[in-house]
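Novice: what's the 3D shape of this:
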Amino acid sequence: MTGVKRKNFTGDLKAKVALEAIRGIKTVNEIGQEFGVHPTQVGLSYFPQLIPVKLPQTYFW
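Specialist: I've put the predicted structure just below:
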């Protein structure tokens with residue numbers, strides 16, 4: 001079965017998306033369009049739930 005290769009998101013991108021979602025300034029659609037992710041990944045807290053895991057590695061280490 002041939003198909004489109006899945007996107008692999010880096011920890012940096014995940015942290016940026018999560019922070020943007022938590023800030024609540026932009027809509028889910030705007031965040032998805034800006035970062036190239038599907039809005040449901042932002043809205044269903046896929047990225048925001050990664051804050052405790054990815055954010056310290058990305059910004060504090």
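
Novice: Ranking helices and strands of the protein by mean pLDDT, which lands last?
Specialist: For the chain, using mean pLDDT, DSSP states H and E, the weakest element among its helices and strands is helix 51-59, scoring a mean of 57.

Novice: show me what contacts residue 8?
Specialist: If you count contacts by C-beta atoms under 8 Å, 6 or more residues apart in numbering, residue 8 has none. To be clear about C-beta, it is placed using only N, CA and C from the backbone, and glycine gets the same treatment.

Novice: how close does it sit to residue 26?
Specialist: 24 Å (C-beta to C-beta, to the nearest Å).

Novice: before we move on, what about residue 16?
Specialist: Taking C-beta to C-beta, one finds residue 16 at 12 Å from residue 26.

Novice: mind checking the longest helix of the protein?
Specialist: Longest helix of the chain, by residue count under DSSP state H: helix 11-23.

Novice: Just list what the helix or strand just after that one packs against, helices and strands only.
Specialist: Next helix or strand after helix 11-23 toward the C-terminus (DSSP states H and E): helix 28-35. Other elements packing on helix 28-35 under the criterion 3 or more C-beta pairs under 8 Å, 6 or more residues apart in numbering; DSSP states H and E are helix 11-23, helix 39-43.

Novice: Let's have those in a markdown table, adding mean pLDDT and mean neighbour count.
Specialist: Output for these, formatted as a markdown table (pLDDT from 0 to 100; neighbours: other C-beta atoms under 10 Å):
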| stretch | mean pLDDT | mean neighbour count |
| --- | --- | --- |
| helix 11-23 | 82 | 17 |
| helix 39-43 | 81 | 16 |
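
Novice: For residue 32, which of these is the nearest?
Specialist: With C-beta to C-beta as the criterion, residue 32 lies closest to helix 39-43 of those, at 3.9 Å.

Novice: Quick check: which helices or strands does the longest helix of the chain pack against?
Specialist: Looks like helix 11-23 contacts helix 28-35, helix 39-43, helix 51-59 (3+ C-beta pairs under 8 Å, 6+ apart).
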